[in-house]
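>>> any chance you can model this:
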Amino acid sequence: MTQPAVIRRVPGHRPRLLDLFSCAGGAATGYARAGFVVDGCDIAHRPNYPFPYHHGDALAYLTDLIASGEIRRYAFVHASPPCQHGCALAVGTNASQGWGRAHVDLVGATRTLLDRTGLPYVIEQPNGRAQIRKDLTLCGEMFALGVIRHRNFELGGWTAMQPAHVPHRGRVRGYRHGQYFDGPYVAAYGNGGGKPSVSELQAAMGIDWTDVREELTEAIPPAYTEHIGRAALTHLAPALGVAA
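Now for the predicted structure:
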């Protein structure tokens, strides 16, 4: 059985979080707002990522951190591994940008390594066929955002309450089968068909540090992980020797 990792505690310092498959930093920013210090890792060059990050293969990097014992610098891990067979939208986008690998599913391999760390973790995936537990499902309307953007989260080694799903206020704006529909939400994917401008997408997602459309359409709204991060800090409080 894998032994729980020993967390290095430094009085007065915020706990450190490892953000794997970090993309442009939507998840990372939410965790930072919640109270974590964040380090990222992504195989693609991410000059807009707003925190320190390692440019390289996320699973190889995590393997090295475990082998060296440096994983003990971290209190928590977030991972958004590619699972493109479960989300057809991602395949064309990633291929066109040269990001990641075609039709890969790294969820299982990621989970295996995360379990080896002994740390609490989150695996994030969009709605689709990805084989993760849906311990949390979050939606933009829960946070008064201008996107729907359902995302599922598997929680490893800890639990959190599922927020009530808030009814949607209307449609996602854009064309459907040649007919235009208005609505309070923008479509955070693709181009054309009444899709939002970059500035509209930034405002709807709560992201202002990148203006790259492909990064915005791949991102998790920071409000999601700020919510998760606050719950995680409550869970971690006894191990960190701080009040919840």
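>>> how about the CA coordinates for stretch 167-182, as PDB?
Extracted C-alpha coordinates of stretch 167-182, given in PDB (Å, rounded to 0.1, in the frame of the first residue of the first chain):
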ATOM      1  CA  PRO A 167     -30.800  26.200 -13.500                       C
ATOM      2  CA  HIS A 168     -29.500  27.900 -16.600                       C
ATOM      3  CA  ARG A 169     -31.000  31.200 -17.500                       C
ATOM      4  CA  GLY A 170     -31.300  30.600 -21.200                       C
ATOM      5  CA  ARG A 171     -29.400  29.400 -24.300                       C
ATOM      6  CA  VAL A 172     -25.800  29.600 -25.400                       C
ATOM      7  CA  ARG A 173     -25.600  32.400 -27.900                       C
ATOM      8  CA  GLY A 174     -24.900  31.400 -31.500                       C
ATOM      9  CA  TYR A 175     -26.100  29.500 -34.600                       C
ATOM     10  CA  ARG A 176     -27.700  26.100 -34.400                       C
ATOM     11  CA  HIS A 177     -28.400  24.400 -37.800                       C
ATOM     12  CA  GLY A 178     -28.400  27.700 -39.500                       C
ATOM     13  CA  GLN A 179     -30.700  29.500 -37.000                       C
ATOM     14  CA  TYR A 180     -29.300  32.100 -34.700                       C
ATOM     15  CA  PHE A 181     -30.300  32.000 -31.000                       C
ATOM     16  CA  ASP A 182     -29.500  34.700 -28.500                       C
END
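>>> list the buried ones in it?
172-174 (16 or more other C-beta atoms under 10 Å). Quick note: C-beta positions are derived from backbone N, CA and C, even for glycine.
>>> likewise for stretch 42-55?
If you call a residue buried by 16+ other C-beta under 10 Å, then stretch 42-55 has these buried ones: 42-44, 46, 49, 51, 53-54.
>>> how about stretch 105-116?
Neighbour count says stretch 105-116 has 105-107, 110-111, 113-114 buried, by 16+ other C-beta under 10 Å.
>>> tabulate these (JSON lines), appending pLDDT, distance to residue 16 and secondary structure.
Formatted as JSON lines, those follow (pLDDT from 0 to 100; distance: C-beta to C-beta, whole Å; DSSP: H, G, I helix; E, B strand; the rest coil):
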{"residue": "105", "pLDDT": "84", "distance to residue 16": "28", "secondary structure": "strand"}
{"residue": "106", "pLDDT": "93", "distance to residue 16": "23", "secondary structure": "coil"}
{"residue": "107", "pLDDT": "95", "distance to residue 16": "24", "secondary structure": "helix"}
{"residue": "110", "pLDDT": "97", "distance to residue 16": "19", "secondary structure": "helix"}
{"residue": "111", "pLDDT": "97", "distance to residue 16": "21", "secondary structure": "helix"}
{"residue": "113", "pLDDT": "98", "distance to residue 16": "18", "secondary structure": "helix"}
{"residue": "114", "pLDDT": "98", "distance to residue 16": "16", "secondary structure": "helix"}
